[in-house]
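Colleague: structure, please.
(one chain, ligands or ions: 2)
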Amino acid sequence: MSRELLCVESLRLRAGEGNEQRSLVSDVSFSVHEGRVTTLIGSSGSGKSLSCLAGLGLLPLGVRRAGGRVTLCGRDLDGLSPAAHRQMLGREAALIMQNPMSCFDPLHTIGSHFQETLAAHENGRLDMDRCTEVLARVGFEQPRQMLPLFPFEMSGGMLQRVMIALALLLGARLLVADEPTTDLDVVSQARVLDILDDLCREQGLGILLVTHDLSIVARLAREAYVMHAGRVVEQGEVTAIFESPRHHVTRELLRAHHDLAGFAPVDASCGAKT
Ligand SMILES: Nc1ncnc2c1ncn2[C@@H]1O[C@H](COP(=O)(O)OP(=O)(O)OP(=O)(O)O)[C@@H](O)[C@H]1O
Ligand SMILES: [Mg+2]
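Modeller: Ligands and ions are numbered 1, 2, ... in the order given. This next block holds a predicted model:
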């Protein structure tokens, strides 16, 4: 049995205070294992991003966990000091988001982003060999030449690969990737997806992937959790969900993507309504 890297149990998220309180996520549970891509799918606003962020203990201002338990790489998040949490977020788990440009300081080179990442977690020395090794692992053929570049000198696809390299630099075992290819052109998308697939298969990384693109799910993911209105409405192996979806929300998502290669159009009447 592969190691469980993230376990979210009965998560409840709320926003607002007093009478203004509202529930955003209710009773959501999911887990991510090493060597597998697990995906959260569902319509816009269904709670995918907040569930990912809660899994890393990175909820935005105004949203709080009102219940449930999160175990990240074997540690209960509630038991971690802020310093221990910060350390875990580099060494054990990393977040990759939709718009990579927003994650970089425009005034700093790629090399200084590597240096800062190392400084935050280690003694700060820029280990050139390690930097070039992780840049090569994400497909840069001349990795050393990337270090003096500024973010604006790179494409979105290149920056997304640098983000993944920064995660690998400290040895993260879990990657949480929230729509990592949505802003990229198709060639860059394919490249980033190939890299995620390789990291998962060859290095045993666990990946939690959020995407609206079910062809990416079909290609990469082993397990899927379908979210709707802040709840998980269906979960299971991707092949089983695609072949015989049980919940009408899943059937609607699949119908919208019925031209997926290798999957027949879904009959809206099939399966039990839940
Ligand atoms: N910082 C916040 N404060 C209050 N409510 C929020 C906040 N962030 C998100 N929400 C609300 O929580 C719900 C879930 O949002 P979330 O961003 O997780 O959706 P999502 O499934 O990722 O959607 P999308 O596919 O559009 O990215 C939505 O109703 C959203 O409006
Ligand atoms: Mg989102």
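
Colleague: just give the nearest non-adjacent residue to H257, would you?
Modeller: The shortest distance from H257 to any non-neighbouring residue, by C-beta to C-beta, 6 or more residues apart in numbering, is to L214 (4.1 Å). Heads up, the C-betas are built off the backbone N, CA and C, glycines and all.

Colleague: for L58, that is, sorry about that
Modeller: Closest residue to L58 apart from its sequence neighbours, by C-beta to C-beta, 6+ apart: L95 at 6.8 Å.

Colleague: quick check: that neighbour touching V176?
Modeller: Yes: when contacts are counted by C-beta atoms under 8 Å, L95 is listed as touching V176 (4.9 Å).

Colleague: my guess is H85 contacts L56. True?
Modeller: No: using C-beta under 8 Å, H85 makes no contact with L56, being 9.1 Å away.

Colleague: sorry, back to before: give me the common contacts of L95 and V176.
Modeller: Common neighbours of L95 and V176 are listed as 52, 56 (criterion: C-beta atoms under 8 Å, 6 or more residues apart in numbering).

Colleague: comparing these two, which shows the higher neighbour count?
Modeller: Using other C-beta atoms under 10 Å as the criterion, L95 and V176 rank with V176 on top: 26 against 21.

Colleague: the more buried one against L89, yeah?
Modeller: No: V176 is not in contact with L89 according to C-beta under 8 Å; the separation is 10.2 Å.

Colleague: confirm the residue nearest to L58 sits in a strand?
Modeller: Yes: according to DSSP: H, G, I helix; E, B strand; the rest coil, L95 belongs to a strand.

Colleague: looking at it now. What's its pLDDT?
Modeller: For L95, the model assigns a pLDDT of 94.

Colleague: ligand 1 versus that one, what's the distance?
Modeller: Distance of L95 to ligand 1, computed by C-beta to the nearest ligand atom, to the nearest Å: 13 Å.
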